[in-house]
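> sequence plus predicted model, see below.
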Amino acid sequence: MLDPQGLPLDVGRTQRIVPPHIHRAAELRDADYVFAGCEAPTWFCDVHYLIHWAQGAPASLGNVRHT
């Protein structure tokens, strides 16, 4: 699966750090997900793995959450 610019939304295990284009896609997907009372702008938040890369999971849009 590719984003609108043609960049892959799953880079597998080639990179430990979530690439900027996957970070942006997660930000758009999770725009309404915030902690109770948090009013920080979405660009201030981080992307976290659901299953960590060190445990063998891929760096993909399906394995990250924007929080």
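Nice, I can see it.
> where does the prediction get shaky in the protein?
1, 33-36 (pLDDT under 70).
> how about residue 62, what does it touch?
Applying Cβ atoms under 8 Å, 6 or more residues apart in numbering to residue 62 gives the contacts residue 10. From N, CA and C alone the C-beta is placed, and that goes for glycine too.
> so it: helix, strand or coil?
helix (DSSP: H, G, I helix; E, B strand; the rest coil).
> offset the numbering so it begins at 45, please.
Yep, numbering from 45; the last one is residue 106 now.
> list the buried residues in stretch 101-111.
101-105, 107-108, 110 (16 or more other Cβ atoms under 10 Å).
> end-to-end on stretch 49-65?
9 Å (Cα to Cα, to the nearest Å).
> so what's the gap between it and the chain middle?
Computed by Cα atoms, centre = their mean, to the nearest Å, the chain-centroid distance of stretch 49-65 equals 9 Å.
> and the contacts of it?
45-47, 66, 69-70, 91, 93, 97-98, 100, 102-106, 108.
> what sits against residue 89?
Contacts for residue 89 (Cβ under 8 Å, 6+ apart) come out as 71, 110-111.
> pick the one among the buried residues of stretch 101-111 closest to residue 86.
In terms of Cβ to Cβ, no member of the buried residues of stretch 101-111 lies closer to residue 86 than residue 110, at 7.0 Å.
> residues in contact with the closest one?
Going by Cβ under 8 Å, 6+ apart, the list of residues near residue 110 reads 67, 70-71, 73-75, 77, 86, 89-91.
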